[in-house]
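1. Please work out how this folds:
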Amino acid sequence: VAGLGNYGLRGTRHSVGMAVLDRLAQQLAVAEGWRADRRCCADVALATARGLELLLLKPRRLMNLNGLSIASAAEIYHLRPEDIYLVHDDLDKALGKVAIKLGGSARGHNGVRSCISALHSSVSGPRWKGINPA
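-> Numbering: from 1, shown residues only. Model (predicted):
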C-alpha cells in the first residue's frame, strides 16, 4: 500500500495519501515501525492484517516522481503491479469520499502517471484509491 504525496509537505492536498498511511499504520499498531529504506527512497513499515502481510510505503520524493520509489520497492520486495494499492488525492470525488479503481488511466494525476510509467502497467494494476481530502 503506497501513499502518494510530496514528502515533507504534511497537511497539503497532495499529501493525503501519506496521511492515510500514517493513520493505517496507527490502526495496525506499526506506527513506531516506520524506517527509511534508501534502496527505494521511501519510508516503509511492515504490518499484518487479516492474515495478509502488508508493506506500507511513503515515497521520499516529490509527487511527480513517486513511481520511481514504488517501482524500486516492487523489485526489492518482489511485488507485482497488481499487488500494489495507491492511495492519493482526487478532486473529482466529493469531499471526504473514497473510491477504489482497478487499473486504467491516471486521469491527469501526475503521481499516478509516474507509477504507471515506472511500473509499465495500467491495465491489470496497480489499484488506485482516490480520496478528496478536506
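2. remind me which residues of this structure are low pLDDT?
-> The chain contains residues with pLDDT under 70 at 100-104, 106, 122-134.
3. quick one, helices of it?
-> 16-27, 66-76, 110-119 (DSSP state H).
4. To L91, which of those lies closest?
-> helix 16-27 (10.8 Å; C-beta to C-beta). All C-beta atoms are positioned from the backbone trio N, CA, C, and that covers glycine.
5. quick one: contacts of the closest one?
-> Residues external to helix 16-27 that are found in contact with it (C-beta atoms under 8 Å, 6 or more residues apart in numbering): 1-5, 7, 10, 31, 33-34, 45, 47, 56-58, 86-89, 111, 131, 133.
6. let's see it at 7 Å
-> 1, 3-5, 31, 34, 45, 47, 56, 58, 87-89, 131, 133 (C-beta atoms under 7 Å, 6 or more residues apart in numbering).
7. Closest one of those residues to S105?
-> The closest of the contacts of helix 16-27 to S105 turns out to be H88 (C-beta to C-beta; 13.6 Å).
8. rewinding a little: with mean neighbour count and distance to A94 added, can I get the helices of the chain in JSON lines?
-> As requested, those are exported to JSON lines (neighbours: other C-beta atoms under 10 Å; distance: least, C-beta to C-beta, whole Å):
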{"stretch": "helix 16-27", "mean neighbour count": "19", "distance to A94": "14"}
{"stretch": "helix 66-76", "mean neighbour count": "22", "distance to A94": "24"}
{"stretch": "helix 110-119", "mean neighbour count": "22", "distance to A94": "19"}
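9. Which one of those lies nearest to C40?
-> helix 66-76 (3.8 Å).
10. rewinding a little: can you put the helices of the chain in CSV and add distance to C41?
-> Shown next, in CSV, are the helices of the chain (distance: least, C-beta to C-beta, whole Å):
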stretch, distance to C41
helix 16-27, 14
helix 66-76, 5
helix 110-119, 12
